[in-house]
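Chemist: Quick one, what's the 3D model for this:
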Amino acid sequence: MNSYTFTPQRVCSKQINFSLDAEGKLHDVKFFGGCPGNLPAIGKLVEGKDAKEIADLLRGNPCGARGTSCADQLSIAIDEALKSRTA
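Modeler: Reported below is the predicted structural model:
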């Protein structure tokens, strides 16, 4: 299992950590900072799910006028992690 750390932009959370297993499943998604109720819930909802499917589902989800959200930033983090695995 590979672990990843991502620094989100233009959102309240300051860091996102997660792991991807050999099959591309998400594990241990943790947000640092941000909404203390919603972000841990996202981590629970995506546990063990296909990373690409989750990224596609969360991509483009805005938070107010920010043009992004913590969920959208997770999709970017997942995309980068998946690209780094094939590079």
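
Chemist: For His27, which three-state class applies?
Modeler: Secondary structure state of His27, per DSSP: H, G, I helix; E, B strand; the rest coil, is strand.

Chemist: Please report how far it lies from Pro40.
Modeler: Applying Cβ to Cβ, to the nearest Å, the value for His27 to Pro40 is 14 Å. Quick note: C-beta positions are derived from backbone N, CA and C, even for glycine.

Chemist: all strands of the protein, in order?
Modeler: Under the criterion DSSP state E, the chain contains strands at 2-6, 15-20, 26-32.

Chemist: Quick one, which of those gets closest to Leu74.
Modeler: With Cβ to Cβ as the measure, strand 15-20 is the member of these nearest Leu74 (5.8 Å).

Chemist: show me where the chain has helices.
Modeler: In the chain, the helices defined using DSSP state H lie at 38-46, 51-58, 70-86.

Chemist: And the shortest one, what's buried?
Modeler: If I follow you right, that is helix 51-58. Buried residues in helix 51-58, counted by 16 or more other Cβ atoms under 10 Å: 51, 54-55, 58.

Chemist: Name the nearest of the residues you listed relative to Ala81.
Modeler: Once Cβ to Cβ is applied, the member of the buried residues of helix 51-58 that ends up nearest Ala81 is Ala51, at 7.3 Å.

Chemist: In JSON lines: the strands of the chain, plus distance to Ile78, mean neighbour count and mean pLDDT.
Modeler: Shown next, in JSON lines, are the strands of the chain (distance: least, Cβ to Cβ, whole Å; neighbours: other Cβ atoms under 10 Å; pLDDT from 0 to 100):
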{"stretch": "strand 2-6", "distance to Ile78": "8", "mean neighbour count": "14", "mean pLDDT": "98"}
{"stretch": "strand 15-20", "distance to Ile78": "8", "mean neighbour count": "19", "mean pLDDT": "98"}
{"stretch": "strand 26-32", "distance to Ile78": "7", "mean neighbour count": "18", "mean pLDDT": "98"}
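
Chemist: To Glu80, which of the ones you listed lies closest?
Modeler: Closest to Glu80 of these is strand 2-6 (Cβ to Cβ; 6.9 Å).
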